[in-house]
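Student: Fold the following for me, if possible:
(chains A and B)
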There are 2 protein chains.
Amino acid sequence: MSAIRDEVLAANKVYATQFGEKAKLAMPPGRRFAILTCMDARLDPAKYAGLSEGDAHVIRNAGGRASDDAIRSLVISYKLLGTREWFVIHHTDCGMETFTDEIMRGLLAKSLTTAAIDAHGWHDTGQGPGSTEGAFIDWLTIADQVESVCADIRRIRTHPLVPRAIPIHGYIYDVKTGQLVEVPEATRIGA
Amino acid sequence: MSAIRDEVLAANKVYATQFGEKAKLAMPPGRRFAILTCMDARLDPAKYAGLSEGDAHVIRNAGGRASDDAIRSLVISYKLLGTREWFVIHHTDCGMETFTDEIMRGLLAKSLTTAAIDAHGWHDTGQGPGSTEGAFIDWLTIADQVESVCADIRRIRTHPLVPRAIPIHGYIYDVKTGQLVEVPEATRIGA
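Tutor: A predicted model of the protein is given here:
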């Protein structure tokens, strides 16, 4: 058995006990917007953007990047479920800034187990086996947050399945203050 | 200006004012696990699984599917940020059960604007232009939730970059009760 699983299920039991009116929520997001943001554990989009259950779609991946899969999700969000406005929100101190495709591929080729980072960068402490499969994945790393928010909004804005009328706002969440800081050049691209 | 943007920023201001000790959280998830779940607005994984900021990675897309991008995120979550256990959580009344690739491609070919659903299924009310680009996307629709959780865990379990030692648990979240219901056959595949 897993201690984490027991904790998750115990927390869920409490949540379900107080579920109340949430049973009546409809499938389409009530406030008609979607947020694309990072999977980072420090981010709680419902809390940092003031969402209640039923309000908005939340799409999350490593970096909050406009991957093919994020675009799949956004198009479904608009086309079938009626969202009319999107936010792309990256954040300070993102793990995606600590490595490159080359570093990740090298680490995975050496060992699949968890690596460590210090002042000299990433290094693998584990024993093999590793895998060369990392070479077939674009890890979508980030060199600069402002640039990544702009690049992602540009990609969404110019996608052939994304109507021109959807505004896309660009923000960086500051993990030291909890504040959303606008990236005006990104919002201009997404306007 | 956007009313939604004003509301999000107003809520964020309140959150940041009460940020306190969260400023000190480290990048790696403190409770060392990750959840892959759906973008559905009715789901709040932090609430339904009892997460505080800093606890766990949360990856979300349309359906909570084990897409290439979700696997990218999970591998980063384990390899670089030390999660040791994963949950795949789909849910009842999922939008991904209401259409097929053929339906979505047909809707998009007719018009890019929001479609409507009734007892006869999806239909497009908008005027064109449409786009044939929908044919190049696998929409990852769901015919049966138990099968989709099993298929996704099987895909993750057999991925060459995912070490055998990571347990992967399969659940379906019930949007009418707030409860997580285990999919034992999926958890067995992920064990």
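Student: Correct me if wrong, but A:Asp152 is in a helix.
Tutor: Yes: using DSSP: H, G, I helix; E, B strand; the rest coil, the secondary structure at A:Asp152 is a helix.
Student: contacting residues for it?
Tutor: Listed by CB atoms under 8 Å, 6 or more residues apart in numbering or on different chains, the contact partners of A:Asp152 are A:Leu36, A:Gly64, A:Arg65, A:Ala66, A:Val88, A:His90, A:Gly170. Yep, even glycine has a C-beta here, placed from its N, CA and C like the rest.
Student: cool, A:Cys150 as well?
Tutor: A:Gly170, A:Val183, A:Glu185, A:Ala186, A:Ile189.
Student: Now the two most distant members of those residues.
Tutor: A:Val183 and A:Ile189 (9.3 Å; CB to CB).
Student: out of these two, which sits in the more crowded spot?
Tutor: Legend: neighbour count by other CB atoms under 10 Å in any protein chain shown for A:Val183 and A:Ile189, higher for A:Val183 (23 against 20).
Student: ok so, going back, and the contacts of A:Cys150, which is closest to chain B?
Tutor: A:Gly170 (11.1 Å; CB to the nearest CB).
Student: Just list whatever residues bridge to the closest one.
Tutor: Beta bridges link A:Gly170 to A:Val88, judged by DSSP bridges.
Student: ok, it to A:Asp69 distance?
Tutor: A:Gly170 sits at a distance of 20 Å from A:Asp69 (criterion: CB to CB, to the nearest Å).
Student: Tell me which residues are up against stretch A:130-148.
Tutor: Residues lying outside stretch A:130-148 but in contact with it, judged by CB under 8 Å, 6+ apart, are A:62-63, A:65, A:67, A:90-92, A:94, A:96-97, A:99-101, A:104-105, A:107-112, A:172, A:183, A:185-186, B:68, B:71-72, B:75-76, B:159-161.
Student: that older thread, got a winner among the contacts of A:Asp152 for most neighbours?
Tutor: Ranked by neighbour count under the definition other CB under 10 Å, these are headed by A:Gly64 with 33 neighbours.
Student: For that one, list the residues it contacts.
Tutor: A:Gly64 sits next to A:Leu36, A:Thr37, A:Cys38, A:Met39, A:Val88, A:Ile89, A:His90, A:His91, A:Asp152 when contact means CB under 8 Å, 6+ apart.
Student: got it, and A:Ser52?
Tutor: Taking CB under 8 Å, 6+ apart as the contact definition, A:Ser52 lies against A:Ala46.
Student: Repeat the analysis, applying 10 Å as the threshold.
Tutor: When the contact criterion is CB atoms under 10 Å, 6 or more residues apart in numbering or on different chains, the partners of A:Ser52 are A:Lys22, A:Leu25, A:Gly30, A:Arg31, A:Ala46, B:Ala41, B:Arg42, B:Asp44, B:Lys47.
Student: Put together TSV for the residues you listed, with neighbour count and secondary structure on each row.
Tutor: Shown next, in TSV, are the contacts of A:Ser52 (neighbours: other CB atoms under 10 Å in any protein chain shown; DSSP: H, G, I helix; E, B strand; the rest coil):
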residue	neighbour count	secondary structure
A:Lys22	19	helix
A:Leu25	19	coil
A:Gly30	16	coil
A:Arg31	20	coil
A:Ala46	20	helix
B:Ala41	27	coil
B:Arg42	24	coil
B:Asp44	25	coil
B:Lys47	20	helix
